[in-house]
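# Have a look; sequence and predicted model below, questions after that.
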Amino acid sequence: MTPKRVTLLGLATNVGLAAVKVTVGLLTGARALLADGLHSVSDLASDAAVLLGLRFSGRPADEDHHYGHRRVATLVSMAVGVSLLVTSGWIIYDAIASYGQPHRIQVGLLPFLVAVGSMAPKELLYHVTRRVGRRAKDPSVVANAWHHRTDAFTSLAAAAGIAGATFGGERWAFLDRFAAALLAAFLAVTAVKLVKDAVEELIDRAPGREMVRRIGRAVDAVPGVRSSHRLRVRKMAGSLTLDVHVLVDPELSVAQGHDIATAVQEKVEECECDILEAVVHVEPDDEENRSEE
């Protein structure tokens, strides 16, 4: 399944679930179910954003975008995280603001069954979307998968809160609001991580030091490379790009230096570091270049 198709599948699912949960939540007064339904509505926005991002992020480089358009996916991932954070804040605010107010949920199994019944399709969507996103190396699709997972979790908490409020009476009615606020806090943590990852990529933060050292070792292991320096690595829409300077025998021909550079590019691509592009600068191994190491 392609990223576009799995996102369209999620969009169609969210339309149906949002309509049912919001309607039943309003009719029965189940705040947790209403909050769960509004989260499904936010999923619609994220689905639309991902579809828009998929349209542009796959475009090749052009005169105005020499590195392509892959970071459109990063921007979409950040937008999805922000929307999730805003939704979480609203749910928490509503739960706190309404605390202590009369809250009588109509006795019946409908809100509980709706909440329980929505968990399975959303959890399935999470696994399918995450697998497709990882295979396509698209962070926006992976972020959208987390939207599906958190929707399944909110339904679980909503079911617990509704069960307590419905069958425990007014004494336990607070569980409905409590469950909504608790799950919203979880959503906020996930949202912050999504935004953090996107921001770190946009400001060109390097991956972990161990990953950089691993790439450096792969470069130095190439035959003909005496040493390397100025290794710079950054994230690009879930993958890595790098540039590195390698020192070689100054007596080598230009063609031989080019072959070594090609070998370095092939080597780093084989080190399972998910390298999208490697730019290799070949320099003679002399005293001047040695001093820059």
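The structure has been received and is ready for your questions.

# Regarding residue 171, what is its secondary structure?
helix (DSSP: H, G, I helix; E, B strand; the rest coil).

# Now for it, how many residues are close by?
For residue 171, the neighbour count with other C-beta atoms under 10 Å is 9. Bear in mind the C-beta positions are built from the backbone N, C-alpha and C, glycine included.

# got it, and residue 34?
Residue 34 is flanked by 24 other residues according to other C-beta under 10 Å.

# So for whatever helix or strand it lives in, what gets flagged as buried?
Per DSSP states H and E: residue 34 is located in helix 31-57. In terms of neighbour count (16 or more other C-beta atoms under 10 Å), helix 31-57 has its buried residues at 31-47, 49-51, 53-54, 57.

# Can you name every helix or strand that the following helix or strand past it contacts?
Next helix or strand after helix 31-57 toward the C-terminus (DSSP H and E): helix 71-97. Helix 71-97 is packed against helix 31-57, helix 139-168, helix 174-202, with contacts defined by 3 or more C-beta pairs under 8 Å, 6 or more residues apart in numbering; DSSP states H and E.

# Quickly list the domain ranges of the chain.
Domain assignment for the chain by automatic domain parsing gives 3-202, 209-290.

# Need the winner for burial among the ones you listed.
Highest mean neighbour count among those (mean count of other C-beta atoms under 10 Å): domain 3-202, with a mean of 20.

# Report the distance from it to the chain centre.
Domain 3-202 sits 13 Å away from the centroid of its parent chain (C-alpha atoms, centre = their mean, to the nearest Å).

# how about low-confidence regions in the protein?
By pLDDT under 70, the low-scoring segments of the chain are 42, 99-108, 169-170, 173, 176, 238, 287-293.

# looking at it, which residue lies furthest from center?
Distance from the centre of the chain peaks at residue 251, with 48.1 Å (C-alpha atoms, centre = their mean).

# Would you check how far apart that one and residue 227 are?
Residue 251 is 16 Å from residue 227, where distance means C-beta to C-beta, to the nearest Å.

# Residue 138 too?
36 Å.

# Next: residue 12.
Counting by C-beta to C-beta, the separation of residue 12 from residue 227 is 56 Å.

# can you check residue 240 too?
Distance from residue 240 to residue 227, by C-beta to C-beta: 21 Å.

# out of the helices and strands packed on helix 71-97, which comes closest to residue 283?
Residue 283 lies closest to helix 174-202 among the helices and strands packed on helix 71-97, at 29.1 Å (C-beta to C-beta).

# list the helices and strands the closest one packs on?
Identification of packing neighbours for helix 174-202 by 3+ C-beta pairs under 8 Å, 6+ apart yields helix 31-57, helix 71-97, helix 139-168, strand 227-236.

# rerun at 7 Å
With contacts taken as 3 or more C-beta pairs under 7 Å, 6 or more residues apart in numbering; DSSP states H and E, helix 174-202 sits against helix 31-57, helix 71-97, helix 139-168.

# Residue 220: what's its closest spatial neighbour, skipping adjacent residues?
Of all residues not flanking residue 220 in the chain, residue 228 sits nearest, at 5.7 Å (C-beta to C-beta, 6 or more residues apart in numbering).

# and residue 80, how far is that from residue 226?
Going from residue 80 to residue 226 by C-beta to C-beta gives 46 Å.

# pretty sure residue 123 is touching residue 153, no?
No: applying C-beta atoms under 7 Å, one finds residue 123 not in contact with residue 153, separated by 8.9 Å.

# one step back: tell me what the residue nearest to residue 220 is bridged to.
Counting by DSSP bridges, residue 228 forms beta bridges with residue 246.

# which residues does it contact?
Contact analysis of residue 228 by C-beta atoms under 7 Å, 6 or more residues apart in numbering lists 216, 219-220, 244-247.

# Could you dump these into CSV and include distance to residue 203?
Formatted as CSV, the contacts of residue 228 follow (distance: C-beta to C-beta, whole Å):
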residue, distance to residue 203
216, 22
219, 25
220, 28
244, 21
245, 23
246, 27
247, 30
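
# Return the member of the residues you listed nearest to residue 261.
Nearest to residue 261 out of these is residue 246 (C-beta to C-beta; 7.2 Å).

# Contacts only, for that closest one.
Residue 246 neighbours (C-beta under 7 Å, 6+ apart): 219, 225, 228, 260, 264, 280, 282-283.
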